[in-house]
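**Student:** Okay, sequence plus prediction incoming.
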Amino acid sequence: GHSSRDTTDESYDLSPQARARRTKRLRTALEHIVKLLRAREFSGLLCKKASEIANAKLSIFHLPYFDRPLWACADRYNPDWPGSVPLPKDVKCTSLEHCIFCSQVRILEDSLPYLMERLNHIAELLRDRSYSEFGSQLEAEEEAISLILDNWSDDDAIEEAVRYRSENTPLLPREMRELKLIFSTGDLDD
C-alpha cells in the first residue's frame, strides 16, 4: 500500500539481495552527485556554508620545481589551528607547519604525494629520540594525515600519488617549519 516501491522494499524486503540492490542504487546516485559537484554543475539544495566553501577563492601553495600544488587555504587571515592567535589586520598566516590542524586548509588530490612523504618523515622523526619533546604534535599530525589518506575514496588517485612521489622525491623538507625558508622570497604573500 505504499506510494513508492522503494518504501515497500525498505519496509519488507530485508534479504541480502534486496539490500545489495538498494546499496548499488544509492552508490550510483552518490557517484552522480559527486561528479556534478566536481564539475560545479550540481543544482540541488546546498546549505549556505557548503556553497561558500565550494565557491571560495583559495590561496594555493606551490613549491618551487614541482607542478603540483602543496595544498590550499580558504582564509589566510583567520587561521584557527590550536595555539594560533588572531592576526593583525591585513596580515596573512605563514605557519605552513600548522596547516594540517587548521580548518582553513583544503587538501587537494595533488596534495596526496606531499602528505605521503610527510607521513614518512613523521615516522622517521618519531623514531629519532631527539624529537621526543615534539612527539605529541607529531603523533597528532600523523593521525590527521593517516585519516585523510585512509579515507581518500579514489584508489586511482592514491596510486598516482605513490607514483608521483617515487619519481619526485624529495618533495618536502624533513622539518615543515623549513617551508618558511622556501617561501621567504615573498611568494607566500602573493
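**Tutor:** Good, I have the coordinates.
**Student:** Quick check: the closest residue to residue 92 other than its chain neighbours vs residue 100, distance?
**Tutor:** Nearest-residue entry for residue 92: residue 76, 4.1 Å, with adjacent residues in sequence omitted and distances by CB to CB, 6 or more residues apart in numbering. For glycine as for every other residue, the C-beta is placed from the backbone atoms N, C-alpha and C. Applying CB to CB, to the nearest Å, the value for residue 76 to residue 100 is 15 Å.
**Student:** For the residue nearest to residue 92, pull up the helix or strand it's in.
**Tutor:** Using DSSP states H and E, residue 76 falls within no helix or strand.
**Student:** pretty sure residue 104 contacts residue 71?
**Tutor:** No - using CB atoms under 8 Å, residue 104 is not in contact with residue 71; the gap is 10.2 Å.
**Student:** Give me the buried positions along stretch 101-114.
**Tutor:** Within stretch 101-114, the residues that qualify as buried are 101-102, 104-107, 110-114, counting by 16 or more other CB atoms under 10 Å.
**Student:** between these, which is nearest residue 161?
**Tutor:** Using CB to CB, residue 112 comes nearest to residue 161 of the buried residues of stretch 101-114, at 3.5 Å.
**Student:** quick one: what helix or strand has residue 67 in it?
**Tutor:** Counting by DSSP H and E, residue 67 is found in no helix or strand.
**Student:** next one: phi and psi at it?
**Tutor:** Here the main-chain torsion angles of residue 67 (degrees, to the nearest 10) amount to phi -80, psi -20.
**Student:** circling back to that earlier point, just the ones in strands from the buried residues of stretch 101-114, please.
**Tutor:** 105-106 (DSSP state E).
**Student:** Specify which member of the buried residues of stretch 101-114 is nearest to residue 168.
**Tutor:** Taking CB to CB as the measure, residue 168 sits nearest to residue 113 out of the buried residues of stretch 101-114, at 7.1 Å.
**Student:** Show the contacting residues for that closest one.
**Tutor:** Each residue near residue 113 by CB atoms under 8 Å, 6 or more residues apart in numbering is listed here: 68, 161-162, 164-165, 168, 171.
**Student:** from those residues, which two are the most distant?
**Tutor:** If you compare every pair in the contacts of residue 113 using CB to CB, the most distant one turns out to be 68 and 162, at 13.4 Å.
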